[in-house]
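Chemist: Dropping the sequence and predicted coords here.
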Amino acid sequence: MLYLLLSPFAEQFALFNVLNYLTFRTGAALMTAFVVALVVGMPFIGWLKRQGSQPIRDDGPESHVLTKAGTPTMGGFIILTGLLTGTLLWGDLSNQYLWVVMFVTAGYGAIGFFDDWRKVTRRSHHGLSARGKLVLQGAVALVAVIWMVQLLDGAPNTPDDFATSVAVPFFKDVLIPLGMVFFVFGVLVIVGASNAVNLTDGLDGLAIVPVMIAAGAFGIIAYVVGSAVYSNYLFLNFTPGTGELAVICGAMIGAGLGFLWYNAPPAMVFMGDTGSLSLGGAIGAIAVAVKHEIVLVIIGGLFVLEAVSVMVQVASFKLTGKRVFRMAPIHHHFEKLGWAEPTIVVRFWIIAFVLALIGLSTLKLR
């Protein structure tokens, strides 16, 4: 908003010229989101406590019933407030990619909020049905993918069929044309990322830091592939307009830091589906927009590991009656092995950071 309002006066007032720098607006969005999340956090947590909290699942680790009972959920609202405020204030609101990602973020946040609210008001583990959530997520994702394909289709300085193709990391010119199948692929990326983050959100601070790391990595990718100069230098496919997504990535980091202030062990609030679904969906949508869907598997490898551990556990139990892990998702397996919660969380953060570095290396290693 400030960019559209004040940047035209840059020639008269030199101070406003900083708004023309994407890096400045990204940093400003980060700081704004951080402050808003901090300010909103405590009053909102107080309100949540007055509403009550959903019960801790009795099929989880025994320690959770004792240590986490009574902690309110739906803290993702704090993240969304900071994220959307920072983006709306400092982003170029004429940029359609910004609106696509905000559409997914807000849409998934609404689905998660409704799910969390039903759990709290019913004092139950059961909110929306799994099938109902997937249908709603799929519908939002499909609209977003169609929107993004239309934005990129026929864009200047892009290969033919680029909008519905998938780029292969580590190779300069390899594009896999998917045609109409790309719409299904894009939906799977967004929905999969959303639910993978949701599965990771099981310990204090476990999900939010890897989300911030992934947002930082994709902020760099968006900045690079959205620039004709940098993308040409690094032999990347230029995706015009996507550089502005660095602003929403910055806002995601800032809002995440503000939320972590209250989510650090012992957590005062959990993000719930409100936060995990929306953040995962946002990262998935950004990956589709910048044509780095496969790189998302690397950068978000921790989320993939958590999701795969659940799928392996379920498949193994149905086929053989035996469990591969002591408990899934895999972070609970390590709890069952006797690892302290902070040890698991910090080690998983380290894994997420290393995977993000590997993912970023694909920008140069070609």
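Modeler: Nice, thanks for sending it over.

Chemist: Report pLDDT for the spatially closest residue to residue 215 that is not a sequence neighbour.
Modeler: Excluding the flanking residues, the one nearest residue 215 by CB to CB, 6 or more residues apart in numbering is residue 252, at 4.1 Å. Quick note: C-beta positions are derived from backbone N, CA and C, even for glycine. Residue 252 carries a pLDDT value of 98.

Chemist: So for the host helix or strand of residue 31, mean pLDDT?
Modeler: Counting by DSSP states H and E, the secondary-structure element that holds residue 31 is helix 22-51. With pLDDT averaged residue by residue, helix 22-51 scores 95.

Chemist: got the buried residues for that helix?
Modeler: Judged by neighbour count (16 or more other CB atoms under 10 Å), helix 22-51 contains these buried residues: 22, 25-30, 32-38, 40-41, 44-45, 48.

Chemist: in the protein, which helix or strand is least confident?
Modeler: helix 62-67 (a mean of 54; mean pLDDT, DSSP states H and E).

Chemist: Give me the angle between the following helix or strand past that helix and helix 22-51.
Modeler: Scanning forward in sequence from helix 62-67 by DSSP H and E, the next helix or strand is helix 76-90. Inter-element angle recorded for helix 76-90 and helix 22-51: 150 degrees (by axes from the mean of the first three to the mean of the last three CA atoms, to 10 degrees).

Chemist: right, and the helix or strand after helix 76-90?
Modeler: Where DSSP H and E defines the elements, the next helix or strand beyond helix 76-90 is helix 96-122.

Chemist: Verify the stated contact: residue 282 with residue 105.
Modeler: Yes - under the criterion of CB atoms under 8 Å, residue 282 is in contact with residue 105, at a separation of 4.3 Å.

Chemist: what residue ranges in this structure score low on pLDDT?
Modeler: Where the chain drops to pLDDT under 70, the residues are 53-69.

Chemist: Can you show me the strands along it?
Modeler: Counting by DSSP state E, the chain has these strands, from start to end: 165-167, 175-177.

Chemist: which stretch among the ones you listed comes nearest residue 79?
Modeler: strand 165-167 (29.5 Å; CB to CB).

Chemist: quick one: buried residues of stretch 335-350?
Modeler: By neighbour count, and taking 16+ other CB under 10 Å as the criterion, the buried residues in stretch 335-350 are 335, 341, 344, 345, 348, 349.

Chemist: what's the closest of those to residue 93?
Modeler: Ranked by distance to residue 93 (CB to CB), the buried residues of stretch 335-350 are led by residue 349 at 33.5 Å.

Chemist: how many neighbours does the residue nearest to residue 336 when sequence neighbours are not counted have?
Modeler: The spatially closest residue to residue 336, leaving aside those adjacent along the chain, is residue 326, at 3.7 Å (CB to CB, 6+ apart). In terms of burial, residue 326 registers 14 neighbours under the definition other CB atoms under 10 Å.

Chemist: And the helices in the stretch 201-350 of the chain, which stretches?
Modeler: With helices called from DSSP state H, counting those that start in this stretch, the stretch 201-350 of the chain shows them at 208-225, 228-233, 245-263, 272-289, 293-299, 301-320, 330-336, 341-361.

Chemist: okay, those helices, which one's buried deepest?
Modeler: Counting by mean count of other CB atoms under 10 Å, helix 272-289 has the highest mean neighbour count of the helices of the stretch 201-350 of the chain, with a mean of 30.

Chemist: Just want the angle from that helix to helix 96-122.
Modeler: 160 degrees.

Chemist: circling back to that earlier point, roughly how far out does the helix holding residue 31 sit from the chain middle?
Modeler: Helix 22-51 has its average C-alpha position 16 Å from the chain's average C-alpha position, going by CA atoms, centre = their mean, to the nearest Å.

Chemist: Run the angle between that helix and helix 245-263 for me.
Modeler: 30 degrees.

Chemist: Quick check: which helices or strands does helix 22-51 pack against?
Modeler: Here helix 22-51 is seen to pack against helix 76-90, helix 208-225, helix 245-263 when contacts are counted using 3 or more CB pairs under 8 Å, 6 or more residues apart in numbering; DSSP states H and E.

Chemist: what angle separates the first one from helix 208-225?
Modeler: Compare the direction of helix 76-90 with that of helix 208-225 by the same axes, to 10 degrees and you get 20 degrees.

Chemist: Could you export helix 76-90 as PDB, keeping only the C-alpha atoms?
Modeler: These are the backbone C-alpha positions of helix 76-90, laid out as PDB (Å, rounded to 0.1, in the frame of the first residue of the first chain):
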ATOM      1  CA  GLY A  76      -1.800 -19.100  13.900                       C
ATOM      2  CA  PHE A  77      -4.100 -16.100  14.000                       C
ATOM      3  CA  ILE A  78      -1.200 -14.100  15.500                       C
ATOM      4  CA  ILE A  79       1.100 -15.200  12.600                       C
ATOM      5  CA  LEU A  80      -1.600 -14.400  10.000                       C
ATOM      6  CA  THR A  81      -2.200 -10.900  11.400                       C
ATOM      7  CA  GLY A  82       1.400 -10.000  11.300                       C
ATOM      8  CA  LEU A  83       2.000 -11.600   7.900                       C
ATOM      9  CA  LEU A  84      -0.900 -10.000   6.100                       C
ATOM     10  CA  THR A  85      -0.300  -6.600   7.700                       C
ATOM     11  CA  GLY A  86       3.300  -6.500   6.700                       C
ATOM     12  CA  THR A  87       2.600  -7.700   3.200                       C
ATOM     13  CA  LEU A  88      -0.300  -5.300   2.600                       C
ATOM     14  CA  LEU A  89       1.600  -2.400   4.000                       C
ATOM     15  CA  TRP A  90       4.900  -2.800   2.100                       C
END
